[in-house]
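>>> Pasted the sequence and its predicted model underneath.
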Amino acid sequence: MSDREPILKARNLVKRYGRVTAIDHADFDLYPGEILAVIGDNGAGKSSLIKAVSGAVVPDSGEIWLEGKKVTFYNPIEAREAGIETVYQTLAMSPALSIADNMFMGREIRREGFLGKYLRMLDKKKMEDFARQKLSDLGLMTIQNINQAVETLSGGQRQGVAVARAAAFGSKVIILDEPTAALGVKESRRVLELIMDVKSRGIPIILISHNMPHVFEVADRIHVHRLGKRLTVVDPKKCTMSDAVAYMTGAKDPDPSQQAA
Amino acid sequence: MSDADNYEASTRGGKSDAQAEFEYEEKGLLGRIHSILHHSPALVPLIVLVLAVIVFGLLNANFWRVATLSLIFQQIGIVGILGIAQSLVILTAGIDLSVGAMAVLSSVIMGQFTFRYGIPPSAAIVIGLAAGTAMGALNGVLVAKLRIPPFITTLGTWQIFLAANYIYSANETIRSQELDAEAPVLKFWGSTFEVFDARVTYGVVLLLVLVAIMAYILRHTAWGRHVYAVGDDEEAAQLSGVNRSRQLIQVYALAGFFCAIAGWVMIGRFGSVSPSASTGQLGNIQAITAVVIGGISLFGGRGTIVGMFLGALIVGAFEMGLRLAGADAQWTYLLIGVLIIAAVAVDQWIRKASA
Ligand SMILES: Nc1ncnc2c1ncn2[C@@H]1O[C@H](COP(=O)(O)OP(=O)(O)OP(=O)(O)O)[C@@H](O)[C@H]1O
Ligand SMILES: [Mg+2]
C-alpha cells in the first residue's frame, strides 16, 4: 500500500466545539478503489471527521489533500464540485420537497434552448426520469411517485434516496455515514451491493457503520476511530470482529500484526 | 391497502362490522383530502374565496358587478405586491416586518429625488427601486450573516426605515397637482383603462404579472426550489448544495425590490407621495394576513404565491362584501381574525406528513 498515493489524505485535523474536541489531531487516508470502513464508539468523532473532508465543517487546523493536491473546502458545494459526494447521518434532505427535487438539489438540469437558457426553466421530466432510474437500480421501486414529498417516505426509503443520490453523482469519493442504520435486511443488502457496484466502477468509498458484519463483509481496510483520532487501521482478514470492537472501546490495545498494509 | 383488507377480514362477522367499515371509509376520505391539500395547499383559500364570492353576491347582487370586482382588485394592489415580498421571506421560514416601511421610504425617495434634486423622474424611480433592494439586502445580511432572528432584525429595520422616511422627507407630502405637472410617470400605475363597464388600473395588471412571474420562478427554476429548501430545513439545504446565506440575502433583497415597486404603485393609488401613508405602519400586518390566509406556512417551505394572492383577494372580498351588505366595518376585522386562526389550524394539520 505504501507505494500508492492516497486519493484522499488528511493530517492533524482539529475541530473544537467550545470545550468539546470533536476531532483531535486526526489523520486519515483513503486509497484509490478501496472500501474503507470507519468504526468507533458513539461520539468518537466519526461524523465530524468525514464532515471535515466533505466541506460541511471547516477544521480549526490540519490539512487535506485530494489526489495529492492540497484542498480547503469552505462548504459542501466545493467538495461536491471536486467529486466528493456524501450521505450524511442526518440524510440532509428537504422533507417538503419531492424525491426528484432532493436528488438534484444544487445541480438542477435546465431545459434546452430558449426556455432553459433565458427563462431558466428546469427540465423536470429529465430529472424525474433520472431519479426513477437510479431508485430502480437500488431496488427502491416500491416508491410509487417520484414527485412524492420526501417526508411521506419511510425512514428506510429516505436513506435509500440519499444513497442513490450519492452513488449517482460521486465521481471521486463517496462517503456514507451509517447508510444502513434505518434499513431492513433486504434494503441493507441492496445498499451493500450498491457499495460493491460503486467499487467495481473504481470509485473509493468511506463507510461509517456500527454494523460489524457489514463492515467485515465489504471493507478492504478498517479505520478505528477513538476519542477524536485514528487509533489504528486494521485488515479485516487478519483481525476478528471482537478484536475490532475491543480496540474501538479501548478494552484492548491494537496489535501491530493485524494492521492493514 | 393490505392492512385495511386484513382489518376488515378480521372483524368480519363481528357486531362491530358496520362501524369498523364506516370508520375506515371516513379515514380514507379525510386521508385523501389531506393528501390533496398537502400537495396543493392553495386549494383552501380558493374554496374560501369562491364561497365568499357566492355568499356576498347573494347578500347583495351588486357584488357580482364587474366594477365591484375590479374595485376589489384595485384595493388589494399594494397589499398584493407587499404580499409577494412577504411570501418570499416567509417561505424561507423568516418574516419581514419592514415591508411597509421599505415601500413608503422608497416612494419618498422617488418623489424627493425628483422634486428636491431635479433628477428626471424615471431616474428617480430607478434610484428608489435600488434603494428598496438595498434595504432588503441589509435585512438579508443581518439575518444570514449575523444570524439575528428575522423577527428581531425587521422589527428594528421597520422602525429605522420609517423614522428615516420621516426625517428625510421632513414629513412633507408631494401633492397630486405637482406630480401631474412635473412627473406624471410617478403616478403611472394609478392610470386606468376600460374593460367592459369597469375601469382597471395598470397597477392591477402589474400585480397579476408579478404574481405570475414569481409563481413561475418559485416553481420552475432552481432558485425557486432553493427558496423552499432553505425554508424547509436550512441545515439540510446547506449540506445538499444550497448556499444558504447567499440565498437568504437574495430573498430579502428581492423582497425589498418588490416593496419598492409597491411604493411606486402607492404613488399612483394615493395620488401623492406621502411619508405618513398608513402602509408604513400597517403594510406588514396586512401582508402577513394575506400570506397566512393564502396557506403559506409560517414555518417555511410550504405554500405558493398564488395562494397568497387568493388570500389577499379574500381579505378584499370580505371588506367589500360586508360593506355592501351594510355591516359594521368591525365585522370585517372579526372575520379576518377568524380566517387567520383557521388558516393556521389547517396548516398545522396539512403539515403532518400523513393523516
Ligand atoms: N455541531 C456540534 N456542536 C457541538 N458539539 C458537537 C457538534 N458536532 C459534534 N459535536 C461533538 O463532537 C463529538 C463527536 O461527535 P460525532 O457526531 O462526530 O460522533 P460520531 O462518532 O459520529 O458518533 P455517532 O456514532 O453517534 O454518530 C461529540 O462529543 C459531539 O457531541
Ligand atoms: Mg456520527
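All right, it came through fine. Ligands and ions are numbered 1, 2, ... in the order given.
>>> Can you identify each of the strands in the stretch 1-150 of chain A by residue range?
A:8-17, A:20-30, A:35-39, A:61-66, A:69-71, A:84-87 (DSSP state E, counting those that start in this stretch).
>>> Run through the stretch 51-200 of chain A and note the low-pLDDT ranges.
A:140-143 (pLDDT under 70).
>>> In it, which residue sits nearest chain B?
Of the stretch 51-200 of chain A, the residue with the smallest distance to chain B, taken as C-beta to the nearest C-beta, is A:G106 at 2.3 Å. Yep, even glycine has a C-beta here, placed from its N, CA and C like the rest.
>>> Tally up the residues packed near that residue, please.
Here the number of neighbours of A:G106 (other C-beta atoms under 10 Å in any protein chain shown) works out to 19.
>>> With B:A327 instead?
Neighbours of B:A327 (other C-beta under 10 Å): 15.
>>> Surely it is within a strand?
No: the assignment for B:A327, made by DSSP: H, G, I helix; E, B strand; the rest coil, is coil rather than a strand.
>>> and it, how far is that from B:G321?
9 Å (C-beta to C-beta, to the nearest Å).
>>> now swap in A:A22 and tell me
Distance from A:A22 to B:G321, by C-beta to C-beta: 60 Å.
>>> circling back to that earlier point, can you put the strands of the stretch 1-150 of chain A in JSON lines and add distance to A:L122 and mean neighbour count?
Below are these laid out as JSON lines (distance: least, C-beta to C-beta, whole Å; neighbours: other C-beta atoms under 10 Å in any protein chain shown):
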{"stretch": "strand A:8-17", "distance to A:L122": "32", "mean neighbour count": "18"}
{"stretch": "strand A:20-30", "distance to A:L122": "34", "mean neighbour count": "20"}
{"stretch": "strand A:35-39", "distance to A:L122": "35", "mean neighbour count": "26"}
{"stretch": "strand A:61-66", "distance to A:L122": "30", "mean neighbour count": "16"}
{"stretch": "strand A:69-71", "distance to A:L122": "30", "mean neighbour count": "11"}
{"stretch": "strand A:84-87", "distance to A:L122": "21", "mean neighbour count": "25"}
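>>> how about those strands in JSON lines, adding distance to A:S209?
JSON lines is the format used below for these (distance: least, C-beta to C-beta, whole Å):
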{"stretch": "strand A:8-17", "distance to A:S209": "18"}
{"stretch": "strand A:20-30", "distance to A:S209": "16"}
{"stretch": "strand A:35-39", "distance to A:S209": "6"}
{"stretch": "strand A:61-66", "distance to A:S209": "23"}
{"stretch": "strand A:69-71", "distance to A:S209": "26"}
{"stretch": "strand A:84-87", "distance to A:S209": "12"}
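>>> Can you tell me the closest non-neighbouring residue to the residue of the stretch 51-200 of chain A found nearest ligand 1?
Residue nearest to ligand 1 within the stretch 51-200 of chain A: A:Q89 (5.6 Å; C-beta to the nearest ligand atom). The shortest distance from A:Q89 to any non-neighbouring residue, by C-beta to C-beta, 6 or more residues apart in numbering or on different chains, is to A:D177 (4.3 Å).
>>> which ones are touching the residue nearest to A:E151 when sequence neighbours are not counted?
Residue nearest to A:E151 in three dimensions, not counting chain neighbours: A:P95, with 3.6 Å by C-beta to C-beta, 6+ apart. By C-beta atoms under 8 Å, 6 or more residues apart in numbering or on different chains, the contact set of A:P95 is A:A149, A:V150, A:E151, B:D232, B:D233, B:G301, B:A353.
>>> ok so, going back, quick check on the residue of the stretch 51-200 of chain A closest to chain B: phi, psi?
phi 80, psi 0 (degrees, to the nearest 10).
>>> Can you give me every residue that contacts residue 237?
Using chain A here. Neighbours of A:K237 in contact, by C-beta under 8 Å, 6+ apart: none.
>>> Can you look at chain B instead?
Counting by C-beta under 8 Å, 6+ apart, the residues that B:A237 touches are A:S94, A:M105, B:H226, B:A229, B:V230, B:R244, B:Q247.
>>> Nothing else from me, thank you.
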